[in-house]
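In: the following comprises the amino acid sequence and a computationally predicted model.
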Amino acid sequence: MSAEKAGNPSSFRPCVRLLAGLVIVVSVSGCGAREGVRLTGNANIVPDETALALPPPGGPGIVNIVERRFSNAVQQDIYLFTSAATPGQNVMRVQLFGPVGLEYDGRTSLAYSSIRASEIGRETRRELPGMRLVQSPLYLQNNYGPFSYAYGRGRGDDACFYAWQQIRSREEARTTFQNRGTIQVRLRLCEAGASEEKLLRNMYGYTIRAGFDTAGWNPYGAAPGVDPALGRTGNPIYPGGGDLQPAPARAVEKADDRPVLRQRRPTRVVEKPAPSAQATPDETIPLPTTTDMDAVVVPSPNCVAESAVATSCR
């Protein structure tokens, strides 16, 4: 090629057009492959009926549920009704560790750690920042096993509560094919005017209603055996105080609202004799007259001794 042809700009025009065409084709094909906006996270709002756990009857209502699925677990943040002045949202967090499914193998796994004092301290400060909470020193147990909690006062008259529980079969009962899996529960509650006892009832009344349909997944462990005292002679069992029916209430006749007429007993009138008039010192008693004296007959002593029918005495 001569130097004149190499320096001619028109010789590069076909190459430039070819490259421009390739760019346009790639751009069009890329636009056609897009299916819309893709979310970067794996959080989804699910209906209330898909909740992994339910609050106790009479407890706070469910507002919404945010679910996240990992390669080894399913987590739900069940947000509950809040009326307290303390900042933050009441929430029950439930994590089920187990075989989620092959379709989630490419996702990240949820970090698992058993309950430790240091971890719980960080969780409490994160959920209830700037609040002084005191951990209960009591050993407590509900239908799923032991649990614990911390309690404190929030803004105004708010009572705040943070509880934690891990449900897992005993280590000696876990094998490769039996009693596998773990459930972790966290409960954050603040309520205006509530007592510690009222908030604590929520840990005794909540219900776990989900699990993995896989053989061997059983975080609850083996069912407890029957009490050996049942059916044995010499081991009487008495009913508790609330097992018997209360005695029926006695029927009480309704009192008649009409006025009652009562007969009055006749009153006996006792006439008191009029007091006789007494002579005053100023009054003069008149002396008997001759006429009065003639009318009075005084018998003689002889007549008294003789018969009362004697003529001479008449």
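Out: The structure has been received and is ready for your questions. From a predicted model like this one, the values you see are computed outputs, not experimental measurements.

In: this structure: helices as residue ranges?
Out: 3-6, 13-33, 117-127, 196-205, 290-294, 301-305 (DSSP state H).

In: which strands or helices does the third one pack on?
Out: Identification of packing neighbours for helix 117-127 by 3 or more Cβ pairs under 8 Å, 6 or more residues apart in numbering; DSSP states H and E yields strand 158-167, strand 182-192. C-beta here means a position set from N, CA and C on the backbone, and glycine is covered the same way.

In: give me that answer again for 6 Å
Out: Packed against helix 117-127, as judged by 3 or more Cβ pairs under 6 Å, 6 or more residues apart in numbering; DSSP states H and E, are the following elements: strand 158-167.

In: before we move on, back to that, lowest mean pLDDT across the helices of the chain, which one is that?
Out: Lowest mean pLDDT of the helices of the chain: helix 3-6, a mean of 48.

In: any stretches of the stretch 101-250 of the chain with poor pLDDT?
Out: When residues are selected by pLDDT under 70, those of the stretch 101-250 of the chain lie in 104, 106, 241.

In: dump the residue contacts of Asn90.
Out: Pro60, Leu80, Thr82, Leu189 (Cβ atoms under 6 Å, 6 or more residues apart in numbering).

In: and Tyr204, by the same measure?
Out: Tyr204 makes contact with Asn142 under the criterion Cβ under 6 Å, 6+ apart.

In: do you know how far it is from Tyr112?
Out: 26 Å (Cβ to Cβ, to the nearest Å).

In: same question, Ala85
Out: 35 Å.

In: ok, Phe177 next?
Out: Note on Phe177: its distance to Tyr112, by Cβ to Cβ, is 20 Å.

In: and which of the contacts of Asn90 is nearest Glu67?
Out: Set against Glu67, the nearest of the contacts of Asn90 by Cβ to Cβ is Leu80 (15.6 Å).

In: just give me the neighbour total for that closest one.
Out: Other residues near Leu80 come to 19 when the count uses other Cβ atoms under 10 Å.

In: and Asp157, by the same measure?
Out: 12.

In: who touches it in this structure?
Out: The contact partners of Asp157, by Cβ under 6 Å, 6+ apart, come to Ala192, Gly193.

In: go on, Ile78?
Out: Listed by Cβ under 6 Å, 6+ apart, the contact partners of Ile78 are Ala51, Ile62, Ile65, Met92.

In: mind checking pLDDT for the third one?
Out: Ile65 is assigned a predicted lDDT (pLDDT) of 97.

In: in terms of contact, does it touch Pro47 like I think?
Out: No: counting by Cβ atoms under 6 Å, Ile65 does not reach Pro47; the two are 7.5 Å apart.
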